[in-house]
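*Asks:* everything below, folded, please.
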Amino acid sequence: MKWHARRDSRKIHRIGAIIVAIPFLIVLVTGLLLQVKKDVAWIQPKSQTGVATVPTISFDEILEITKTVPEAEVTDWEDIDRLDVRPDKGIVKVRAVNHWEIQIDTQNGDILQVEYRRSDIIEAMHDGSWFADAAKYWIFLPAGIIVLILWITGVYMYFIPALNKRRNAKRMADIKTKSVDDESAL
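*Replies:* Sure thing, here's the model as predicted:
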């Protein structure tokens, strides 16, 4: 069986595009949302600013303050996913495992903001881990490899005809020049 680069590239491109249509759409849409996460409060709450840049409250105080927020459903440290301390802004962002974010002033312990944080869910959808770990490796990773192949075949299908046109134009110019030279030799 002979390899026909142009024909086979088109076939690979068509079939690959069908295979990755849904996973690539998910990666594309979630990637676009993640690009603007700092600009859209619905995706990721805007960072507030505390009164001072030197933290004075303890971890125990942070936990006690967080427990007072009913949406976060925090009763102990196991209900907290992570703390994001921003000394330059004077805040600590407490992310509960249920995706609620509480921003606390690190100087006086005031709650500055309580918002639902969607960026972590969107990021998990973006890499496929939201669906299942198996989906990450058996759907999204192969889809990424196929998209790379689509890029390669797309570039090939774009540049090869352009190179062929240039080559044909040069050949035609050479033939024309040769025929003019042959006529003048007569």
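
*Asks:* right, and G31 touches H126 too?
*Replies:* Yes. G31 is within contact range of H126, at 6.0 Å (criterion: CB atoms under 8 Å). C-beta: built from backbone N, CA, C; applies to glycine.

*Asks:* higher neighbour count, these two?
*Replies:* Applying other CB atoms under 10 Å to G31 and H126 shows that H126 carries more neighbours, namely 20 against 12.

*Asks:* so where do the helices sit in the chain?
*Replies:* Here the chain has its helices, by DSSP state H, at 5-19, 21-35, 59-67, 119-127, 133-135, 141-185.

*Asks:* out of the ones you listed, flag the one nearest D88.
*Replies:* helix 59-67 (17.8 Å; CB to CB).

*Asks:* pull the residues that contact that closest one.
*Replies:* Residues outside helix 59-67 that contact it (CB atoms under 8 Å, 6 or more residues apart in numbering): 57, 72, 74-77, 80, 83, 92, 94, 96, 102, 104, 109, 111.

*Asks:* which of these has the largest number of neighbours?
*Replies:* I104 leads the contacts of helix 59-67 on contacts (other CB under 10 Å) with 28 neighbours.

*Asks:* related to what we said a few turns ago, any chance of CSV for the helices of the chain, columns mean pLDDT and distance to G50?
*Replies:* Output for these, formatted as CSV (pLDDT from 0 to 100; distance: least, CB to CB, whole Å):
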stretch, mean pLDDT, distance to G50
helix 5-19, 82, 50
helix 21-35, 93, 26
helix 59-67, 97, 13
helix 119-127, 93, 21
helix 133-135, 89, 38
helix 141-185, 82, 40
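
*Asks:* using CSV, lay out the ones you listed together with distance to D88.
*Replies:* Below are these laid out as CSV (distance: least, CB to CB, whole Å):
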stretch, distance to D88
helix 5-19, 46
helix 21-35, 23
helix 59-67, 18
helix 119-127, 20
helix 133-135, 36
helix 141-185, 35
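
*Asks:* neighbours of D133, how many?
*Replies:* Around D133 there are 9 other residues, counting by other CB under 10 Å.

*Asks:* roughly how far apart are it and K38?
*Replies:* From D133 across to K38, the span is 28 Å (CB to CB, to the nearest Å).

*Asks:* which residues are in contact with R86?
*Replies:* S47, V92, K93 are the contacts of R86 under CB under 8 Å, 6+ apart.

*Asks:* walk me through the domains of the chain.
*Replies:* Per automatic domain parsing, the domain ranges recorded for the chain read 7-42+127-163, 45-117.
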